[in-house]
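J.: Have a look; sequence and predicted model below, questions after that.
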Amino acid sequence: MPPPPPREPGAFKRGFGLGLGASLGAGIGLGVVGFGLVVVMVIAVVGLVSGGDGSGTTEPVTETVWGDPSAGARLVAVPVTGVILGGESDGATFGGTTYGYEVADVIDALEADDADGLILELNTPGGTIYGSRAIADAVERYQERTGHQVMAHVQGMSASGGVYAMAGADRIVADHGSLVGSIGVVMGPFQRFRDVTGIPGTLLDQGVTTEGGVTEEYLSRGRGKDLGNPYRDMTDEERAVLGVGLDREYAEFVAWVSEARGIPAQTVVDELGAFVFDGATAVDLGLVDEVLGRDEAYRYAAGMNDVDPDDTRVDRVSGPGLLEVFLSARSPAGGTGAAALEPGRSTVCSGAPLVLAFHGDLSAPCTGS
């Protein structure tokens with residue numbers, strides 16, 4: 001009698017075997033991928049550590065964005081986008097951040113032989129005065145150090161601190177449809193709560209209300225120490241003290257634009273004010289020299305520096321790659337470092353009485369709304 005045929009495994013056994021095999025296969029695959037990522041990260045770390053010269057500085061990363069990469073003449077473009085802050089310690093904002101100190105470091109590292117000229121590419125509502133002034137001062141140092149020309153190209157908007165940063169450029173060009181202006185300073189907002197009946201709660205519990213209202217008290221020493229307390233009115237003295245600071249910052253802003261652009265200071269105050277203007281109007285007012293698209297602007301910059309546009313390339317300073325961000329490596333031009341991983345946590349969003357050269361509603365870069 002022939003032996004009986006082997007019994008087929010039961011449904012449980014078949015499922016268990018298939019599941020175990022799939023799990024082992026997936027586990028091995030994920031292990032290989034994970035090991036590969038670890039190897040890549042180690043290589044990247046070694047490269048970042050060994051790639052420096054021991055001074056803690058590195059050459060900025062650039063990519064050719066216009067012209068033949070093998071062209072004989074070279075222009076370096078430095079982007080200034082989003083809210084202008086000072087350094088990474090200022091945090092970051094929604095919608096992009098540029099750190100003025102880091103942009104200044106990039107510009108200061110450029111020598112006469114590194115490039116034939118410099119381009120600032122701006123799309124910014126402004127930001128801190130110190131971050132904006134850091135860029136302006138670096139541009140001035142570059143002009144004196146190299147003898148090369150600097151062109152500012154507005155690609156969307158250059159308002160308030162953006163104007164502060166670019167005013168000293170040899171020529172300012174606005175792309176079609178761009179806005180330029182807002183020469184002014186702002187401080188605040190200062191909140192004042194009246195007839196309070198609740199305080200903010202959690203995400204699920206939006207507040208606590210009481211029949212008797214909610215009170216809050218500050219203990220302080222020194223006249224005006226609790227300035228900004230939202231549960232009391234600002235005194236006339238406090239308002240006057242803050243006003244003096246605003247007046248001085250505004251006067252310095254006006255004087256800088258007046259000197260750099262050759263516009264009488266009184267004209268800046270009376271006619272330009274803190275308004276923003278279209279490109280053509282900005283030309284009429286002296287804020288901008290030309291309205292040109294990107295290709296025309298790059299050719300214009302080449303001509304400013306006496307090089308052939310057809311034998312010129314534009315190399316833009318770029319931020320780090322994803323891996324470098326993951327490893328918290330610093331961005332050569334600011335804006336994408338570790339601090340940018342938490343947008344909205346910024347000095348401009350803290351509510352502190354900070355004088356800003358900013359255009360628009362500050363809640364947008366602070367809340368993302």
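T.: Perfect, thanks for sending it.

J.: what bridges to M151?
T.: Beta-bridge partners of M151, counted by DSSP bridges, are I119, R171.

J.: close enough to count as contact, it and R299?
T.: No. Between M151 and R299 there is no contact under CB atoms under 8 Å: 10.7 Å. Glycine gets a C-beta too; all of them are placed from N, C-alpha and C.

J.: Give me the more crowded residue out of the two.
T.: M151 (28 against 17; other CB atoms under 10 Å).

J.: As a check, name the ranges of all strands in the stretch 1-150 of the chain.
T.: Taking DSSP state E, counting those that start in this stretch, the strands of the stretch 1-150 of the chain run over residues 62-66, 73-81, 83-85, 97-99, 117-124, 126-128, 150-159.

J.: which of the ones you listed sits most buried?
T.: strand 83-85 (a mean of 32; mean count of other CB atoms under 10 Å).

J.: how deep is L246 tucked in, by neighbour count?
T.: 14.

J.: which SSE is it in?
T.: Counting by DSSP states H and E, the element that carries L246 is helix 236-261.

J.: elements contacting that helix?
T.: helix 129-146, helix 161-166, strand 186-187, helix 265-267, strand 355-358 (3 or more CB pairs under 8 Å, 6 or more residues apart in numbering; DSSP states H and E).

J.: Mind telling me which of those the model trusts least?
T.: Looking at those, the lowest mean pLDDT belongs to strand 186-187 (a mean of 88).

J.: what's the spacing between the closest residue to V103 other than its chain neighbours and V78?
T.: Taking CB to CB, 6 or more residues apart in numbering, and ignoring the residues beside it in sequence, V103 has I135 as its nearest neighbour in space, at 5.2 Å. I135 sits 9 Å away from V78, going by CB to CB, to the nearest Å.

J.: what's the overlap in contacts for these two?
T.: 103, 107, 120 (CB atoms under 8 Å, 6 or more residues apart in numbering).

J.: List the contacts of P125.
T.: 83, 157, 159-162, 182, 358-360, 365.

J.: How about the backbone phi and psi for it?
T.: Recorded main-chain torsions at P125 are phi -90, psi 0, according to degrees, to the nearest 10.

J.: picking that back up, which one of the helices and strands packed on helix 236-261 lies closest to V257?
T.: helix 161-166 (6.5 Å; CB to CB).

J.: helices or strands next to that closest one in the packing?
T.: The elements that helix 161-166 packs onto, with contact taken as 3+ CB pairs under 8 Å, 6+ apart, are strand 73-81, strand 83-85, strand 117-124, strand 126-128, helix 129-146, strand 150-159, helix 236-261, strand 355-358.

J.: Just send these back as JSON lines, with distance to F277 too.
T.: Listed next are these as JSON lines, based on distance: least, CB to CB, whole Å:
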{"stretch": "strand 73-81", "distance to F277": "19"}
{"stretch": "strand 83-85", "distance to F277": "20"}
{"stretch": "strand 117-124", "distance to F277": "15"}
{"stretch": "strand 126-128", "distance to F277": "15"}
{"stretch": "helix 129-146", "distance to F277": "19"}
{"stretch": "strand 150-159", "distance to F277": "10"}
{"stretch": "helix 236-261", "distance to F277": "13"}
{"stretch": "strand 355-358", "distance to F277": "16"}
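
J.: ok, of the ones you listed, where does mean pLDDT dip lowest?
T.: strand 355-358 (a mean of 91).

J.: residues contacting I263?
T.: 257, 272, 285-287.

J.: repeat for A274
T.: Contact partners of A274, counting by CB under 8 Å, 6+ apart, are 160, 181-184, 359.

J.: ok, now how distant is it from D306?
T.: The spacing between A274 and D306, counted by CB to CB, is 37 Å.

J.: Repeat that for A255.
T.: Between A255 and D306 the computed distance is 32 Å (CB to CB).

J.: ok, now D68?
T.: Taken as CB to CB, the span from D68 to D306 is 19 Å.

J.: Next: P230.
T.: Counting by CB to CB - P230 and D306 are separated by 58 Å.

J.: quick one: buried residues of stretch 164-181?
T.: Neighbour counts over stretch 164-181 (16 or more other CB atoms under 10 Å) mark 164-175, 178-181 as buried.

J.: And the strands in the stretch 251-369 of the chain?
T.: 276-278, 290-291, 312-317, 355-358.

J.: nearest to V348, of those?
T.: Nearest of the strands of the stretch 251-369 of the chain (CB to CB): strand 355-358, 6.2 Å.

J.: partners of that closest one, with directions?
T.: strand 126-128 (antiparallel), strand 186-187 (antiparallel).

J.: Serialize these to JSON lines and add fields for distance to E144.
T.: Converted to JSON lines, the strands paired with strand 355-358 look like this (distance: least, CB to CB, whole Å):
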{"stretch": "strand 126-128", "distance to E144": "24"}
{"stretch": "strand 186-187", "distance to E144": "32"}
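
J.: right, so of those, which gets closest to R294?
T.: strand 126-128 (22.3 Å).

J.: residue contacts, the closest residue to N305 other than its chain neighbours?
T.: In space, and not counting its chain neighbours, N305 is closest to G117: 3.7 Å by CB to CB, 6+ apart. Neighbour list for G117: 75-76, 148-151, 301-302, 304-305, 307 [criterion: CB under 8 Å, 6+ apart].

J.: next one: G245
T.: 187, 355.

J.: and if you look at S182?
T.: 125-126, 159-160, 163, 274-276, 359.

J.: Go through those residues and say which is closest to R313.
T.: Closest to R313, out of all of those and judged by CB to CB, is V163, at 28.4 Å.

J.: what helix or strand does the nearest residue to that closest one once chain neighbours are set aside sit in?
T.: Residue nearest to V163 in three dimensions, not counting chain neighbours: I183, with 5.9 Å by CB to CB, 6+ apart. Of the helices and strands defined by DSSP H and E, none includes I183.
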